[in-house]
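Asker: Structure, please.
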Amino acid sequence: MEGLQNIQRIMASLREKPPAKLAGAPVVETRDYLQREIVHLPAGTTAPITLPVSDVLYYAAEDGSWVCVRPSGTEPKIKIYFGVYLPPAASIQIAETRLAKVVDDIKEIVDNALA
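Answerer: Below is the predicted model:
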């Protein structure tokens with residue numbers, strides 16, 4: 001039961017205070033599939049999501065990094081998917097460093113939600 005409450009707190013916190021940056025890059029788009037809304041932050045415009053309602057949040061950064069968060073449908077845990085974009089000439093080391101920064105940002109977001 002505590003796990004479910006923590007998941008609800010994390011999702012509510014992310015909806016109230018979405019991350020401003022991912023790995024140092026500004027977040028430029030948020031998608032809330034529960035509210036069925038895309039927000040384009042630089043322009044301040046919104047667009048509808050036409051997919052079915054689901055408790056999923058997605059954040060896209062200016063540099064192509066992204067994070068997607070959703071509760072598990074079968075277990076009391078939260079699932080977090082993420083990725084970074086780098087030019088083809090970038091080294092594996094640079095990619096691993098960027099991924100580590102995104103992971104650190106995600107950990108901080110979750111820790112703040114549970115504080």
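
Asker: can we go C-alpha only for contacts and neighbour counts from here?
Answerer: Will do.

Asker: Can you tell me the centre-most residue of the protein?
Answerer: residue 67 (3.4 Å; C-alpha atoms, centre = their mean).

Asker: pLDDT at it, what is it?
Answerer: Note for residue 67: predicted pLDDT of 93.

Asker: what does residue 101 give?
Answerer: Predicted confidence (pLDDT) for residue 101: 90.

Asker: The residue nearest to it when sequence neighbours are not counted: neighbouring residues, count only.
Answerer: Excluding the flanking residues, the one nearest residue 101 by C-alpha to C-alpha, 6 or more residues apart in numbering is residue 23, at 4.9 Å. Counted with other C-alpha atoms under 10 Å, the neighbours of residue 23 add up to 21.

Asker: Quick check: residue 23 vs residue 79, distance?
Answerer: To residue 79, residue 23 is 19 Å away according to C-alpha to C-alpha, to the nearest Å.
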